[in-house]
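[1] take a look and give me a structure for this.
(one chain, ligands or ions: 1)
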Amino acid sequence: MTRVIDGRALAARLRARLAAEVAALRAGRGIVPGLRVLLVGEDPASAAYVRTKEKMAREVGIDGRVVRLPSEVSEAEVLARVAAWNADPAVHGILVQLPLPAHIRTRSVLEAIDPAKDVDGFHPLNAGRLATLSGPPPEELLVPCTPRGCLLLLEEALGDLSALRGKRALVLGRSTIVGRPMAALLLAHDATVTIAHSRSRDLAEECRRAEILVVAVGRPELVRGGWLAPDSVVIDVGINRVGAADGTSRLVGDVAFAEALGRVAAITPVPGGVGPMTVACLLDNTLRACRRQLVVEG
Ligand code: NAD
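    Numbering: from 1, shown residues only. A predicted model of the protein is given here:
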């Protein structure tokens, strides 16, 4: 029997805990965590993601606000917006939705965010701290939301993250947003980690060796059932919209889900797996960033 790991339920439990903690912070110190999300341009997928982030933030009591700028905005204007939020004590978390239009240098913008407010965890200082960990990440480290969500899903499936110790883990995909930080987290929990990518040879064989498999590639159902090790735990990060012959469309992951059922020990569905955890971890990072700033400010 394959366990389908319910990311929606796990994310709802995390949000309920956060709502209680946010309410206690407000009652005790009169502080409301503030999150600002910058959306540049009209990419429909990005627009949908930021709407969800704003709605979920408000549901847990975080003051979440999206600022939308037209795609022609200059890099200087984006940097000025980030600088204003860096200086605003009511803003504890800053997120710039990616991708940015081609004329804006993503690196410059990400590096302009105060690392203490970098709730996406993409600033080189936070990425560097994650890459150089010698054990599980400390509470105050802002870890990228999707890999952190994957780690919590693994904890849910395995019962305890100590179960990762010595396990053969494969991360498929080497992006700075998912693959690399995921590999760093698995390594920090003592897994034996391999990273495979578009230039890797014989992906099927790499997958067959993996007891833990995290797939973040963005290719619909690339990973076939026959590639999966029996009794492995599979986290499918991919979100791919595919069309059907009747003109409708649906979301599928990077793993052929139906083929995996009955073969692996546990797998996340798409939708309803990693996606909700990503948003919940963003809210968690915002609360952590807020707490940290209160400690620093005294
Ligand atoms: P990306 O395009 O930045 O990186 C994809 C990676 O996959 C690259 O490292 C590339 O080398 C590798 N790759 C591409 N084709 C391959 C192939 N045929 N074989 C092996 N490796 C291949 O993407 P990303 O930002 O890491 O996102 C990956 C997927 O995860 C996308 O579907 C994205 O929509 C999804 N995603 C989901 C969430 C979520 O919250 N659920 C968050 C972020 C990304």
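[2] the ligand contacts on the chain?
    With C-beta under 6 Å from any ligand atom as the criterion, the chain comes near the ligand at residues 146, 172-175, 177-179, 197-198, 203, 216-219, 222, 237-240, 274-275, 278. C-beta: built from backbone N, CA, C; applies to glycine.
[3] mind checking which of those are buried?
    Among the residues of the chain next to the ligand, those scoring as buried are 146, 172-175, 177-179, 203, 216-217, 222, 237-240, 274-275, 278 (criterion: 16 or more other C-beta atoms under 10 Å).
[4] just those residues: which are in helices?
    Among those, the members found in helices (DSSP state H) are 146, 179, 203, 274-275, 278.
[5] can you put those residues in TSV and add distance to Ala210?
    As requested, these are arranged in TSV below (distance: C-beta to C-beta, whole Å):
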residue	distance to Ala210
Thr146	19
Gly179	14
Leu203	11
Val274	17
Gly275	22
Thr278	22
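[6] got a markdown table for these, with pLDDT too?
    As requested, those are exported to a markdown table (pLDDT from 0 to 100):
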| residue | pLDDT |
| --- | --- |
| Thr146 | 98 |
| Gly179 | 98 |
| Leu203 | 98 |
| Val274 | 98 |
| Gly275 | 97 |
| Thr278 | 98 |
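[7] helix, strand, or coil at Ile94?
    strand (DSSP: H, G, I helix; E, B strand; the rest coil).
[8] wait, it sits on Trp85?
    Yes - with contact defined as C-beta atoms under 8 Å, Ile94 and Trp85 form a contacting pair (5.0 Å).
[9] can you pull the contacts of Arg291?
    Contact partners of Arg291, counting by C-beta atoms under 8 Å, 6 or more residues apart in numbering, are Leu25.
[10] now with 10 Å?
    With contacts defined as C-beta atoms under 10 Å, 6 or more residues apart in numbering, the neighbours of Arg291 are 21, 25, 31, 33, 92, 139-140.
[11] and the spatially closest residue to Pro33 that is not a sequence neighbour, its phi and psi?
    Setting aside the residues directly before and after it, Pro33 is nearest to Cys290 in space (C-beta to C-beta, 6 or more residues apart in numbering), at 3.9 Å. Dihedral pair for Cys290: phi -60, psi -50, per degrees, to the nearest 10.
[12] count of residues packed around Cys290?
    By the measure other C-beta atoms under 10 Å, the count of residues near Cys290 is 24.
[13] that one against Ala57, yeah?
    No - taking C-beta atoms under 10 Å as the contact criterion, Cys290 and Ala57 are not neighbours in contact, 11.9 Å apart.
[14] residues that sit against both of the two, list them.
    Shared between the contact lists of Cys290 and Ala57 (criterion: C-beta under 10 Å, 6+ apart) are residues 22, 33-35, 93.
[15] in helices, which of the contacts of Arg291 fall?
    Per DSSP H, these map to helices at 21, 25.
[16] mind putting the contacts of Arg291 into TSV with neighbour count and pLDDT?
    Below are the contacts of Arg291 laid out as TSV (neighbours: other C-beta atoms under 10 Å; pLDDT from 0 to 100):
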residue	neighbour count	pLDDT
Glu21	17	98
Leu25	18	97
Ile31	17	97
Pro33	29	98
His92	28	98
Glu139	8	92
Glu140	13	92
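[17] I'd like the contacts of Arg291 laid out as JSON lines, including distance to Leu98.
    Output for the contacts of Arg291, formatted as JSON lines (distance: C-beta to C-beta, whole Å):
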{"residue": "Glu21", "distance to Leu98": "28"}
{"residue": "Leu25", "distance to Leu98": "29"}
{"residue": "Ile31", "distance to Leu98": "29"}
{"residue": "Pro33", "distance to Leu98": "22"}
{"residue": "His92", "distance to Leu98": "20"}
{"residue": "Glu139", "distance to Leu98": "26"}
{"residue": "Glu140", "distance to Leu98": "24"}
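[18] taking the contacts of Arg291, tell me the two that lie furthest apart.
    Maximum pairwise distance in the contacts of Arg291, criterion C-beta to C-beta, is 17.8 Å, between Ile31 and Glu139.
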